[in-house]
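K.L.:
Build the 3D model from these lines:
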Amino acid sequence: MIRRSLLLCLCAAWAWHVPQAALAQGGAGHRDCEPPVIHAVIDNSPICPGGAIELSVAASGDIIGYSWEGPGTPTFFTATPAFTFNWGDPGGYTVIAYGFCGNDTALAIIAAEGAGAGQNNTVMLCGGGGSPIDLSLSLGFHDPFGAWTYNGEPHGSLYTPGVDTPGVYIYSVSYEPVCPGTSQSAAITVVETFLGPSKTITVCGGDSAFSLLQVLDSGAATGGSWFRYQFLDQLPHDSLYNPAVDSSGTFGYVLHGCHTTVTVVEEPLLPWYADADGDGYGDPLDVRWSCVHPDGYVADSTDTCPQLFGRIGDPCDDGLPGTVDDVITADCVCEGVLPTAITARAGSGLQLLAWPNPVEGRQLFIEVAATGPAEVRVMDASGRLVAGFSLALDGAAQVLNLPEMPKGLYLLRVVAGQRTGALPLVVQ
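P.N.:
Residues are numbered from 1 along each chain as shown. Predicted coordinates:
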């Protein structure tokens, strides 16, 4: 469409300058219109690097203009039968002669025998596969009719990463070039940089520092640059990852334009507590730091009796048939009480049991035949409040930690809802 538009504009311009009588004569059919005929194309082939390409044609017929086009060039239009490309590559150049009653096309092959094989070069590729590349593009200006070899064996101009072998590929022409600075053969050295695919690794916050390069596939090229992705930024980073300093993230590695990444997922270092008795509670004095759950350890650290199943105040069985309400004491011993405890007086609205009674220490167990919130009061013989507790009754024994109390007789009073229970408490 672009060529046609330009041609129409060019034809209009030429038609403006052509004598109107001639146009009238041709258009009115007073004489036959002669189609353009290109008899010959004259060129300055062969050319040397940097040389201009000069083209001209010998043509006849009713011609109004010409177009010129070559490898990688735009299309140029002229009113004269000659044109010069100040730059261009060897290959086929097309010239078209346009007329009032037709067109004619011719092809000129611009050779570069004098240019030889081109220039030595190095091609850097990323290993691991990819699309084929044309090694001829790395020769620069050269004669396109030479041949390729690798280790003395014929080879095409296409190199396929991951299939062909990196090394030196030789391009040769069969004649001695005449252009200055040219040679009969040129070497294209192909270097493949293998970094390997992106990797993800999980580490522990307690691990030692390690090289990110070790995470990549064996054989990954060394000597590149590392950086850390930080939102939209790339922050410089060395090849070492130190869990004590670094944190989870993605790290990029670049060498010779090739790129891969290592994503590090760092698990937190957590405390685990020994559970020697297997009760699900851990010994706070026996801790191990680890990113994984070690056998024999739990995350809980509230075991008050590490060598006894359960914790202080938990129900247990002391193995004695004559005791009741066995619990783990503060000494991590499972003990029960003999049924000699004092019960609430008959006629009270709340059944209440307390033991040991008399009490010698500070720990007193009570059992109330009720559930829900309750208030416990301990009063001396004069009715003065000595201690108070708020409990959530659930039908099981409750532990009261009494304050320092002089020996004597006290009153233990429990209020739960609308009912009240009381009994005497002896401290000795």
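
K.L.:
Can you tell me the closest non-neighbouring residue to Pro306?
P.N.:
Beyond its immediate neighbours in the sequence, the residue positioned closest to Pro306 (Cβ to Cβ, 6 or more residues apart in numbering) is Asp283, lying 3.8 Å away. For glycine as for every other residue, the C-beta is placed from the backbone atoms N, C-alpha and C.

K.L.:
same question, Arg377
P.N.:
Nearest residue to Arg377, sequence neighbours excluded (Cβ to Cβ, 6+ apart): Arg413, at 4.6 Å.

K.L.:
State the helix or strand in which that neighbour lies.
P.N.:
With elements taken from DSSP states H and E, the one containing Arg413 is strand 408-416.

K.L.:
Kindly report the same for Trp289.
P.N.:
Secondary structure assignment for Trp289, by DSSP H and E: strand 283-290.

K.L.:
Who are the packing partners of that strand?
P.N.:
Contact partners of strand 283-290 among helices and strands, from 3 or more Cβ pairs under 8 Å, 6 or more residues apart in numbering; DSSP states H and E: strand 270-274.

K.L.:
So what sits opposite Leu93 in the bridge?
P.N.:
Let me fix one detail, which is that residue 93 is Tyr and not Leu. The residues paired with Tyr93 through beta bridges, assigned by DSSP bridges, are Ala108.

K.L.:
where does the stretch 301-428 of the chain dip in pLDDT?
P.N.:
321-322, 339-348 (pLDDT under 70).

K.L.:
The chain too?
P.N.:
Within the chain, the ranges that satisfy pLDDT under 70 run 1-31, 321-322, 339-348.

K.L.:
Walk me through the domains of it.
P.N.:
By the record's domain assignment, the chain is partitioned as 2-111, 114-193, 199-267, 324-427 (automatic domain parsing).

K.L.:
want to throw those into a markdown table with distance to Thr302 and mean neighbour count?
P.N.:
As requested, the domains of the chain are arranged in a markdown table below (distance: least, Cβ to Cβ, whole Å; neighbours: other Cβ atoms under 10 Å):
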| stretch | distance to Thr302 | mean neighbour count |
| --- | --- | --- |
| domain 2-111 | 80 | 15 |
| domain 114-193 | 54 | 16 |
| domain 199-267 | 24 | 15 |
| domain 324-427 | 13 | 16 |
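
K.L.:
For Tyr297, which of those domains is the nearest?
P.N.:
For those, proximity to Tyr297 was assessed by Cβ to Cβ; domain 199-267 is nearest, at 14.9 Å.

K.L.:
Can you check the distance spanned by that closest one, start to finish?
P.N.:
Taking Cα to Cα, to the nearest Å, domain 199-267 runs 17 Å from one end to the other.

K.L.:
Enumerate the positions of the strand holding Trp289 that are buried.
P.N.:
Using 16 or more other Cβ atoms under 10 Å as the burial criterion, the residues of strand 283-290 that qualify are 283, 286.

K.L.:
Heading C-terminal from it, find the next helix or strand.
P.N.:
strand 297-298.
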